[in-house]
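# my questions are about this predicted structure, shown below with the sequence.
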Amino acid sequence: QVQLVESGGGLVQPGGSLRLSCAASGLTLDNYDMGWFRQAPGKERDFVGAIDWKDARTYYADSVKGRFTISRDNAKMTGYLQMTSLKPEDTAVYYCAARPSYNRVWYDSVDDYDSWGQGTQVTVSS
C-alpha cells in the first residue's frame, strides 16, 4: 500500500524559507515521479513541481521557478520541497503525490497522480 506523509509546514514571514518533506513507503520510487501541489482556500489544487525519482530531473510551475527547489533522498525515501522568498500568495495546503514515470514526460494535472499525502499547511504572513 502506497503511503505518502508530508511534514514541515507552518507559519513563516514574507521573504522567509521553509522546507517540506514527503516520506514515501509501499512503492519502488525509481519507477515514479513525485509531484508537489498546493491548494489555497476556495481555489483549485495547483501544480508546483515534480521530480523524476530515478534521475532527479525536476520541473517547476512558472509561479515558483527560481524560488522553490525539489530534491530527494533515496536512502530515506523522502522528497523535499525547499521554499525560499516566500510570499503571502504562497499560503496554501501543500500536498505531495506520486505517479508512475513514463517516457520522461512531465505531468502537471491532479488527475495524473495516483497517490496523495494528507497535506501540510503553509501560511506566509507577518
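It's in. Computed from a prediction, not measured in an experiment: that's the story for all the values here.
# leaving out sequence neighbours, find the closest residue to the residue nearest the centre of the chain.
The chain has residue 36 as the residue nearest its centroid, 2.3 Å off, counting by Cα atoms, centre = their mean. Of all residues not flanking residue 36 in the chain, residue 48 sits nearest, at 4.2 Å (Cβ to Cβ, 6 or more residues apart in numbering). C-beta: built from backbone N, CA, C; applies to glycine.
# the one you found: how many residues sit nearby?
As a burial measure, residue 48 scores 24 neighbours (other Cβ atoms under 10 Å).
# any idea which element it lies in?
Assigned by DSSP states H and E, residue 48 belongs to strand 45-52.
# parallel or antiparallel, which strands does the next helix or strand after that strand pair with?
Of the helices and strands lying after strand 45-52 in sequence (DSSP H and E), the nearest is strand 58-60. Looking at strand 58-60 with DSSP bridges, its partner strands are strand 45-52 (antiparallel).
# what is the mean pLDDT for the strand it pairs with?
For strand 45-52, mean pLDDT is 97.
# go through stretch 12-22 and flag the buried ones.
The neighbour-count check on stretch 12-22 (16 or more other Cβ atoms under 10 Å) flags 12, 18, 20, 21, 22 as buried.
# so the fourth one touches residue 82, yeah?
No: the pair residue 21 and residue 82 does not pass the contact test of Cβ atoms under 8 Å, sitting 10.1 Å apart.
# now do the end-to-end distance for stretch 1-18.
29 Å (Cα to Cα, to the nearest Å).
# about what we covered before: in which helix or strand does the residue nearest to the centre of the chain reside?
Going by DSSP H and E, residue 36 is in strand 32-39.
# what is the burial count for residue 11?
Number of residues near residue 11 (other Cβ under 10 Å) recorded here: 12.
# state the helix or strand in which the closest residue to it other than its chain neighbours lies.
Closest residue to residue 11 apart from its sequence neighbours, by Cβ to Cβ, 6+ apart: residue 123 at 4.8 Å. According to DSSP H and E, residue 123 maps onto strand 120-124.
# put the alpha carbons of that strand into CSV.
Only the C-alpha atoms of strand 120-124 are listed here, as CSV (Å, rounded to 0.1, in the frame of the first residue of the first chain):
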residue,chain,number,x,y,z
THR,A,120,0.5,20.2,5.3
GLN,A,121,-0.5,23.9,5.9
VAL,A,122,1.9,26.6,4.9
THR,A,123,1.0,30.2,6.0
VAL,A,124,3.0,33.2,4.9
